[in-house]
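# A structural model of the following input is requested.
(chains A and B)
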Amino acid sequence: MIVVEGLQKRFKAVKAVDGVSFRAEDGCVTGLLGPNGAGKTTTLRMLYGLIAPDGGRVEVDGIDVGRRPLEAQARLGVLPDAQGLYPRLSAVEHVRYFGELHGLRGAELERRVDELITALGMQNIAKRKSAGFSQGERMKVALARAMVHRPQNILLDEPTNGLDVMSTRAMREQIRGLKAEGRCVLFSSHIMQEVSALCDVIVIIARGRVEISGSPDEIRAQAGTEDLEEAFVRLTGVEGAAEADASQEGKG
Amino acid sequence: MGFWRVVWVVFRKEMLDGVRDRRSLLSTLLFPLLGPLMVTFAFTTVADRQREAGSVELAVAGAENAPALIDFLESNQVEVVELEQTPEEIEAAVESGERDFVLEIPEDFGERFEAAKVASVHFTVDGTRDETRAGARKVERLIQAWSGQMGSLRLIARGVDPQLVNPVRFVQHEVASEQQLAAKVLDFLPMFVIMAAFIGGMQLAVDATAGERERRSLEPLLINPVPREAIVIGKWAGSVVFASGAVILTLAGSLAAVAYAPLEELGISLDLGPSIALGIAAATVPMGFLASGLQLLVATFARSFKEAQSYLSLLMLVPLVPSFVASLWELGDAPWMIPVPALGQQVLLDRVMGGESVSFGAFAIAGASSLLLGLLCVAITARLFRRESIIFGR
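Numbers count the residues shown, from 1 in each chain, chains lettered A, B, ... in the order given. Here you go, the predicted structure:
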């Protein structure tokens, strides 16, 4: 479970995140929805402890990320915006490396690596160097290494960005599977359909603030429209685009 | 999980990555060949020249005009070849390189010599040709010596002590030991070894910092629940292994080259036994600690792989300054120099290769200084890895 309270982050003159609060429950898929530059990536980075917030706090399974970052990170599996691989290492070696960094070793580690290779259908690329991997293959490796330690909480930053239809489907199945296992899944997206297809709770962010949050039905009701996409546009506001560009600088 | 377990995991991954990286392997393995090649080349060239100067072939026109002189030359390892050529032909032959140099003895030589007048011999030589210089000098020296002997004999025949015309005698004492002279020949070795320390680990250091960020793999790495210090130490250790490998290979190659070089022919006795080899290694291997640390630190600031490489190429010139200075001027040898990186190594190497005994303390101080400064660089790099602007490359 992830609890976010009043997160704030400023990059020079730009308020990238301005008082974001929400909860992501176990056994639940929570979607962080917002236009480009709304502050989603910055919020997630504060959640996994690579950016220190100017204000507010984050708790992962009751552990304060600011005070005990390593313990919190041990309970998080993160697919960040940056999904770079090492071109001279194979898929298995990537997963094994991250597994070892999470303290796994020996037979337990090998079992877990095999499990992920099978679950994500990576048998054909398991022993290949990652240099020539397709976007979809790279995503699978990045996902596998993020989940090698069976984290209770999974953070995915725009996980379907740049993926083709088949890979997007595979990713959705993974997310549903994690939810079924009772894990807490939080993912960000700027695509309405994706969020509405998967999420139990939607948190709509724009201009660094939470505009509205709740189940898809609640959001439809509050926006006064049956169409979720219409609701999204109304709530985030088209005029937000200019400000969104400004805060994009802070995203890097 | 234990701190050192993380260091080990990161180190092993960097080594695997480094060994598979052709570029870093090439620079680690190829550069060390350069030093030994130069040692071999320098020694064999010098030896060849000396061998040539040892016995000189001299073409002489008009040898019959001064049989005594010819006898003297032949008894001093000069192989005389008699010629029948006009002065013009001789000049053309030397100019074209057909002959190294030619001695002409005019017909009136005997007559003038008998009459105790100055008798000339003409020596045709091309001063622009380096390879004939030693031989020409030998011929000149021999003729001067013969002339001196003849002069002394004439004075004695007239009842004059020849010492009267030699008021000053120039006596030269060489104070440098033969090993020091030999070390002079090997002056460039420290430079090669220090460069090896910088070249060996460079690719890995760049790949582990600027490369990691350019590939966008730094952020996923740092999300793992491990201390940044452990990650940086693991990366540093990998780079140090490559740097030390290059240093040891350079040393081993150079020592092998020296062992096979024709040293006796050069009149050099260079004792590069195991103790001296160990001394050289003890003086230079710790250089890798600092080289790799500095490289990690500098490359962390670079925005891209290429930028990092150009910074590090410049950085490599800094430790070469003491070597350059040492090859041009006397560097001296003061206690404060030992802990100064690069300078200390230079001083230690000069001592070791000059056959002096070096105290354990001097090695320890120079090594500890490199290690501590390397660790300082590692600590600063680990702090930088906490900065948002470094992680996300803003």
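# C-alpha only now, for contacts and for neighbours.
OK.
# residue boundaries of the helices in the stretch 51-200 of chain A?
Assigned by DSSP state H, counting those that start in this stretch, the stretch 51-200 of chain A shows helices spanning A:69-74, A:91-101, A:106-119, A:135-147, A:165-180, A:192-198.
# What helices and strands are in contact with the third one?
Which is helix A:106-119. Applying 3 or more CA pairs under 8 Å, 6 or more residues apart in numbering or on different chains; DSSP states H and E, one finds that helix A:106-119 makes contact with helix A:91-101.
# The same query, at a cut-off of 10 Å, please.
On a contact count with 3 or more CA pairs under 10 Å, 6 or more residues apart in numbering or on different chains; DSSP states H and E, helix A:106-119 meets helix A:91-101, helix A:135-147.
# Over to the fourth one?
Packed against helix A:135-147 by the contact rule (3+ CA pairs under 10 Å, 6+ apart) you find strand A:76-79, helix A:91-101, helix A:106-119, strand A:153-157, helix A:165-180, helix B:218-222.
# let's see 6 Å
strand A:76-79, helix A:91-101 (3 or more CA pairs under 6 Å, 6 or more residues apart in numbering or on different chains; DSSP states H and E).
# Quick one: the helices and strands packed on helix A:106-119 as CSV, columns for mean pLDDT, mean neighbour count and distance to A:Val17 too.
As requested, the helices and strands packed on helix A:106-119 are exported to CSV (pLDDT from 0 to 100; neighbours: other CA atoms under 10 Å in any protein chain shown; distance: least, CA to CA, whole Å):
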stretch, mean pLDDT, mean neighbour count, distance to A:Val17
helix A:91-101, 97, 24, 30
helix A:135-147, 93, 23, 25
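# Those helices into a markdown table, with extra columns for distance to B:Ile143?
Output for the helices and strands packed on helix A:106-119, formatted as a markdown table (distance: least, CA to CA, whole Å):
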| stretch | distance to B:Ile143 |
| --- | --- |
| helix A:91-101 | 78 |
| helix A:135-147 | 83 |
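# looking at the helices and strands packed on helix A:135-147, which is closest to A:Leu163?
For A:Leu163, the closest of the helices and strands packed on helix A:135-147 is strand A:76-79, at 14.1 Å, according to CA to CA.
# Tell me how many other residues crowd A:Ser21.
Residues near A:Ser21, counting by other CA atoms under 10 Å in any protein chain shown, number 18.
# again with A:Glu5
Around A:Glu5 there are 15 residues (other CA under 10 Å).
# Same question for B:Leu290.
B:Leu290, neighbours per other CA under 10 Å, totals 27.
# How about B:Ser310?
Neighbour tally, B:Ser310, other CA under 10 Å: 12.
# Look up the pLDDT of it for me, please.
pLDDT recorded at B:Ser310 is 92.
# With just CA atoms, put stretch A:81-90 into PDB.
C-alpha atoms of stretch A:81-90 as PDB (Å, rounded to 0.1, in the frame of the first residue of the first chain):
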ATOM      1  CA  ASP A  81      10.600   6.300 -17.400                       C
ATOM      2  CA  ALA A  82      14.200   5.400 -18.200                       C
ATOM      3  CA  GLN A  83      14.400   1.700 -19.200                       C
ATOM      4  CA  GLY A  84      17.900   1.600 -20.400                       C
ATOM      5  CA  LEU A  85      19.600  -1.800 -20.700                       C
ATOM      6  CA  TYR A  86      23.200  -2.900 -20.800                       C
ATOM      7  CA  PRO A  87      23.900  -3.800 -24.500                       C
ATOM      8  CA  ARG A  88      26.500  -6.500 -23.700                       C
ATOM      9  CA  LEU A  89      24.400  -8.300 -21.100                       C
ATOM     10  CA  SER A  90      21.700 -10.900 -22.000                       C
END
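# That one near chain B at all?
Yes - judged by CA under 6 Å from any CA of the partner chain, stretch A:81-90 comes into contact with chain B at A:82, A:84-85.
# quick check: mean pLDDT across that stretch?
Mean predicted confidence for stretch A:81-90 is 94.
# Name the residues that touch that stretch?
A:127-131, A:157, B:215-217 (CA atoms under 6 Å, 6 or more residues apart in numbering or on different chains).
# So which of these belong to strands?
With strands taken from DSSP state E, the overlap with the contacts of stretch A:81-90 comprises A:Asp157.
# just to revisit the earlier point, nearest to A:Pro35, of the helices and strands packed on helix A:106-119?
That would be, of these and by CA to CA, helix A:135-147, which comes in at 22.2 Å.
# Identify the residues contacting the one residue sitting closest to the centre of chain A.
The C-alpha lying nearest the average C-alpha coordinate of chain A belongs to A:Leu156 (CA atoms, centre = their mean; 1.9 Å). Counting by CA under 6 Å, 6+ apart, A:Leu156 touches A:78-79, A:187.
# Beyond the host helix or strand of A:Gly6, next helix or strand please.
Following DSSP states H and E, one finds A:Gly6 within strand A:2-11. Downstream of strand A:2-11, the next assigned helix or strand under DSSP H and E is strand A:14-24.
# That following strand - which strands sit beside it in the sheet, and in what orientation?
strand A:2-11 (antiparallel) (DSSP bridges).
# If you count neighbours, what's buried in the partner strand?
Along strand A:2-11, these residues count as buried under the neighbour rule (16 or more other CA atoms under 10 Å in any protein chain shown): A:2-4, A:6-10.
# Also stretch B:291-310?
B:291-305, B:308-309.
# now do stretch A:38-57
A:38-53, A:56-57.
# now do stretch B:274-287
Under 16+ other CA under 10 Å, the buried positions of stretch B:274-287 are B:276-277, B:279-287.
# again with stretch A:115-132
A:116-117, A:120, A:122, A:125-126, A:128-130.
# any chance of those in JSON lines, with distance to B:Glu64 too?
Below are the buried residues of stretch A:115-132 laid out as JSON lines (distance: CA to CA, whole Å):
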{"residue": "A:Leu116", "distance to B:Glu64": "99"}
{"residue": "A:Ile117", "distance to B:Glu64": "96"}
{"residue": "A:Leu120", "distance to B:Glu64": "100"}
{"residue": "A:Met122", "distance to B:Glu64": "95"}
{"residue": "A:Ile125", "distance to B:Glu64": "90"}
{"residue": "A:Ala126", "distance to B:Glu64": "90"}
{"residue": "A:Arg128", "distance to B:Glu64": "85"}
{"residue": "A:Lys129", "distance to B:Glu64": "83"}
{"residue": "A:Ser130", "distance to B:Glu64": "84"}
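# Flag the least confident of these.
Among the buried residues of stretch A:115-132, A:Leu120 has the weakest pLDDT, 90.
# The closest residue to that residue other than its chain neighbours and chain B, how far apart?
Nearest residue to A:Leu120 in three dimensions, chain neighbours excluded: A:Lys140, at 6.6 Å (CA to CA, 6 or more residues apart in numbering or on different chains). To chain B, A:Lys140 is 14 Å away according to CA to the nearest CA, to the nearest Å.
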